[in-house]
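K.L.:
Below are the sequence and a predicted model; questions follow.
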Amino acid sequence: MRITAKAKTETRQRILDAATGLFKTEGWHNATTRGIAVSAGIAVGTLFNYFPTKESIAVALISESVEGASDEFPTSHSQENSLEADLFTLIWSGLAKLREYRSFLAPAAETIFSPLARASEARAGDAIRVGHLEIMEKIVTAHGFPGPRSAVAVQLYWTLYLGVFAFWAADESPGQEDTLALLDQSLKLFVSTLGIDQGRGTNGRQ
Amino acid sequence: MDVNKLLAALPENDFSPTENSDWAQERLREIFADLAPRAVPVGSLHRMWTLSELSAQIALAYLSLWVRQRFSGEEAAQRQAVETNLRVALKLLHRLAYLRGAMTKLGQAACHVPGLLPKQVAETLDHLHFDAPPMHYPLIREVVRNEFGKSAEEMFLGFEKEAFAAASLGQVHRARLKSGEPVAVKIQYPGIARTIDADFRNISALLFPMKLGKDWEFTNAQFKEIRRMLNQEVDYVQEAESTRLARDLFKPEDGIVVPRVYPEYSGKKVMTTEYIQGLHLRDYLATNPTQESRNAFGTKIYVAWQRMYYAFMPYVDPHPGNYLFLSDGRLGLLDFGCVSHYGPDEREIMKLAEKMAFEDPSLTPEVIRRVCAVSEGDPAYPDYLQMMNESRDWTMEPTSKPGPFDFGDQAHFQRGVDWFARTVSKKTTRANPMYVYWNRSTFGIKALLFRLGAKVDVHEVIRQERNRNRTN
């Protein structure tokens, strides 16, 4: 029997929905690919045709949400905002898109973004990282810091981003207000290093 | 103890920082340069670590002072004490400025607790006016969304993205309601309010050595009062209620305006009030106002202060930034976060002290017993009696004779400062916690009127306000 593209898309979405439900109810560690397949009403073998691992499902969930936020960002990017404000909007709008998955994202992110991640997971995680860093690069350049960024600056940014991400995933403060403060302070730190990164000793145009 | 560290911390031999302000200015510049790129520590562990380090530095500085005093004459020892206090003050300034947030507020409030900190430390901390870090609009938008479930754009017809004033641990933006009224929207930096209790646990650990002192019970009660007031200051729901109560106290003929609160646009972290246009003290003074104008505004400031006092809700933060001088001669009162609300005990003490001051000086021993818990047989009583008499004389000096009192008289203000210094040096600092903020209020109002250079008929204002209080 020939499976249409539409059917493939529907099955893939069914798996993502089932996984989201199980991650929320069972937790990241307890949810299994077998459980997800049963919940989605498909055979385990079929699931593996779409997603080779549990991590790849989480990566798909994160990618789609973050890509959505990134697609929306250029339209809301305005020169009247400071560099910190634009980076804040980029990161916070991405996190807002992931709010639905917050309860299981911390352990999933540890696996996906860890330097010890298996090659397939790391590759999937890399796509998210590269996509996000490209947008960061465009924003920073638009604010008067011509690229490319040094490896140290990029690593600093990504480390801060992951720190904020992990903090947000477990943040129980009202409205995640502690994450708002942490993100604000993290970006102040990052922006303050940009001038040094380029050997100018200033923060450039903001 | 590492001897090398101790030696390194020893003050310089030929140095007097009080006579050498350049030295202090230079240290300040270094501190600010160091602070600029540093992020505010948000984790309690980091904050605690910073405080522990601070504690060790202070201990080291005082230990070095002790060592030097063992080997020097009295005059040199006195000079070194001043110097060490200043060094400690600068270290505290550095740390508090770094911690910012609630710790900064604590630093400011601690200046008003006599005896808690040496004079030089208190004076240096008093210059500490760091506020919460400025917020850009995307952050503002999220704070507003957290509070109301929708963005500022959805809530208001217009919202200025740039703040026009700093507020207690936040900032204020102009906006316009959908009905057209111009409003001021005060927004608090996220997460600040919840740090207060954690910061007080830290400071309590820091002050542990003081627990051995005989006045610890009073110091502790005063700290609890500061903690209570700081928690109140960051609760905008409470401030909205205090603003509403204050607004009810004034009639149009008083010429004193308290902005209306819009409760539907206000919450715990965001408060929206009527926007009042006027000048702050510095800008008003820059217009070279006439003496009559200064006197008229000074009288309104005093009336407002007395009105709230007799309503058992004294305005205990008479900071210049909380007053607006309107072009039509009216006075605007802003920011009611720091208002005491006296309960039955405080009201009773207040009435007793009033009666002592205005009618019956023989009540002084009773006031000392109630306020300072010192009875006539106590060895410390003579010192407390002197402190109370001096305090009463200074406080009542403006009312001593009918007619205008010149608050621009530097000698009067200096007498109050001298009294405060004597209170600290004699350690007659036991007092009911209500006096932490009342003392701050008394000094604040006199400092404000001193800067304004106003002559106010205090005798008449108090007569009217007391009569008003009796008839209400």
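P.N.:
Sure thing, it's come through.

K.L.:
interface residues of chain A facing chain B?
P.N.:
A:80-82, A:84-85, A:88-89, A:92, A:173-175, A:177-178, A:180-182, A:184-186, A:188-189, A:192 (C-beta under 8 Å from any C-beta of the partner chain). The way it works is simple: take the backbone N, C-alpha and C, and place the C-beta from them, glycine included.

K.L.:
again, only using 7 Å
P.N.:
Within reach of chain B by C-beta under 7 Å from any C-beta of the partner chain, chain A has these residues: A:82, A:84-85, A:88-89, A:92, A:173-175, A:177-178, A:180-182, A:184-185, A:188-189, A:192.

K.L.:
So which of the residues you listed are in helices?
P.N.:
A:84-85, A:88-89, A:92, A:177-178, A:180-182, A:184-185, A:188-189, A:192 (DSSP state H).

K.L.:
Looking at chain A, which residue is nearest chain B?
P.N.:
A:G175 (3.2 Å; C-beta to the nearest C-beta).

K.L.:
Can you get me a residue count around that residue?
P.N.:
Counted by other C-beta atoms under 10 Å in any protein chain shown, the residues lying close to A:G175 total 17.

K.L.:
same deal with A:E172?
P.N.:
A:E172: 6 neighbours (other C-beta under 10 Å).

K.L.:
From A:D17, how far off is A:H29?
P.N.:
Going from A:H29 to A:D17 by C-beta to C-beta, to the nearest Å gives 20 Å.

K.L.:
With adjacent residues omitted, what lies nearest to B:E465?
P.N.:
B:Q306 (4.2 Å; C-beta to C-beta, 6 or more residues apart in numbering or on different chains).

K.L.:
ok, and what's touching the strand or helix carrying B:V461?
P.N.:
In the assignment (DSSP states H and E), B:V461 maps to helix B:458-471. Helix B:458-471 has contacts (C-beta atoms under 7 Å, 6 or more residues apart in numbering or on different chains) with B:299, B:302-303, B:306-307, B:310, B:398-399, B:401-403, B:405.

K.L.:
Which positions in that helix come out as buried?
P.N.:
Buried residues in helix B:458-471, counted by 16 or more other C-beta atoms under 10 Å in any protein chain shown: B:458-459, B:461-462, B:465.

K.L.:
ok, now stretch B:295-304?
P.N.:
Neighbour-count burial for stretch B:295-304 flags B:295-304 (criterion: 16+ other C-beta under 10 Å).

K.L.:
what's around A:K188, how many residues?
P.N.:
The number of residues packed near A:K188 is 18, by other C-beta under 10 Å.

K.L.:
Could you report the neighbour count for B:S362?
P.N.:
When counting by other C-beta under 10 Å, one arrives at 8 neighbours for B:S362.

K.L.:
Secondary structure, distance to B:K269 and pLDDT added to the buried residues of stretch B:295-304, as CSV?
P.N.:
As requested, these are exported to CSV (DSSP: H, G, I helix; E, B strand; the rest coil; distance: C-beta to C-beta, whole Å; pLDDT from 0 to 100):
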residue, secondary structure, distance to B:K269, pLDDT
B:N295, helix, 40, 97
B:A296, helix, 37, 98
B:F297, helix, 32, 98
B:G298, helix, 35, 98
B:T299, helix, 36, 98
B:K300, helix, 31, 98
B:I301, helix, 30, 97
B:Y302, helix, 33, 97
B:V303, helix, 32, 97
B:A304, helix, 27, 97
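
K.L.:
filter the residues you listed down to the ones near chain A?
P.N.:
Among those, not one lies near chain A by C-beta under 7 Å from any C-beta.

K.L.:
Need the max-distance pair from those.
P.N.:
B:N295 and B:A304 (15.0 Å; C-beta to C-beta).

K.L.:
Leaving out the residues flanking it, which one is nearest to the residue in the stretch 201-350 of chain B positioned nearest to chain A?
P.N.:
Using C-beta to the nearest C-beta, the single residue of the stretch 201-350 of chain B nearest to chain A is B:K269, 8.1 Å away. In space, not counting the residues next to it along the chain, B:K269 is nearest to B:Q188; the distance is 4.3 Å by C-beta to C-beta, 6+ apart.

K.L.:
what sits against that neighbour?
P.N.:
B:169-170, B:234, B:236, B:269.

K.L.:
from those residues, which ones fall inside helices?
P.N.:
B:Y236.

K.L.:
Which ones among the contacts of B:Q188 map onto strands?
P.N.:
Among the contacts of B:Q188, DSSP state E puts B:G170 in strands.

K.L.:
What backbone torsions are found at B:I187?
P.N.:
Phi and psi for B:I187, reported as degrees, to the nearest 10, are phi -130, psi 130.

K.L.:
burial of the residue in the stretch 101-250 of chain B positioned nearest to chain A, as a residue count?
P.N.:
Distance from chain A to each residue of the stretch 101-250 of chain B (C-beta to the nearest C-beta) is smallest for B:N146, at 3.2 Å. For B:N146, the count of nearby residues is 19 (other C-beta under 10 Å).
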